[in-house]
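K.L.:
need a 3D model of the following:
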Amino acid sequence: MAHEDVIPTLILLGILYAVYRWISGPSTPPDPFSGVRRDMVEAVTSAFPNEPLANIVYSLSRTRSAQVTSELLLERGSLPNPPANFVIPNSLRPPVTVPLTSATAVAAEAPVPQKATSLIDRYGLSTRLEGEGGASTGKWEATREGREADLRARKERMILEARRRMLEKQQKSATSSAASSPAPTSATPLSVDKSE
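P.N.:
The predicted structure is shown next:
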């Protein structure tokens, strides 16, 4: 008869243990943001800047993974809206940037104007403008320095050739516009003598 009393006793002990654990458990609910860090929020926000911050933090509090949240966003197009009473903790908000004062804002908005440089000036090709560039050998050099020099020379030739074509195009357009415009009727302007 002892075996018949063992099973109900074990079940009763299990139920009492479960009730004890439930009563003596923590009185505060678990933190929904445990496991969610600011860098996770920033990673998802930088990848999806148009998604509201509240949606991102809410999804991260449910998934605990930036990767899963990103995949949800890619699959669905947007994340579910958080409940109305959802509050983002300050520890997960992005850092606040300090606005510029008026003096520093004016200085930051007015960049120093840079002199417009042409490719000829940038690559130091003014000495080669008149001279014809050397022809390419057409073979790949064996050394790294030789390949770099060959590629640099090709770039310079392309820049000079583009400049030459541009100048020819400008000359053609100037001569065609001069030919199409009517010739002046007199070479000297008429003058009126007011001394009379």
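K.L.:
and the gap between the most centrally placed residue in the chain and G25?
P.N.:
In the chain, the residue lying closest to the centroid (CA atoms, centre = their mean) is S46, at 9.4 Å. Distance of S46 to G25, given as CB to CB, to the nearest Å: 39 Å. Glycine gets a C-beta too; all of them are placed from N, C-alpha and C.
K.L.:
what about the residue nearest to the centre of the chain, which helix or strand?
P.N.:
Using DSSP states H and E, S46 maps to helix 38-47.
K.L.:
dump that helix to PDB, restricted to CA.
P.N.:
Extracted in PDB, the C-alpha atoms of helix 38-47 (Å, rounded to 0.1, in the frame of the first residue of the first chain):
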ATOM      1  CA  ARG A  38      22.200  51.400 -27.300                       C
ATOM      2  CA  ASP A  39      24.600  50.100 -29.900                       C
ATOM      3  CA  MET A  40      21.800  47.700 -31.100                       C
ATOM      4  CA  VAL A  41      19.400  50.600 -31.400                       C
ATOM      5  CA  GLU A  42      22.000  52.700 -33.300                       C
ATOM      6  CA  ALA A  43      22.900  49.800 -35.600                       C
ATOM      7  CA  VAL A  44      19.200  49.300 -36.700                       C
ATOM      8  CA  THR A  45      18.600  53.100 -36.800                       C
ATOM      9  CA  SER A  46      21.600  53.700 -39.100                       C
ATOM     10  CA  ALA A  47      20.500  50.900 -41.400                       C
END
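K.L.:
which secondary element of the chain has the worst mean pLDDT?
P.N.:
One helix or strand of the chain scores below all others by mean pLDDT, DSSP states H and E: helix 102-109, with a mean of 58.
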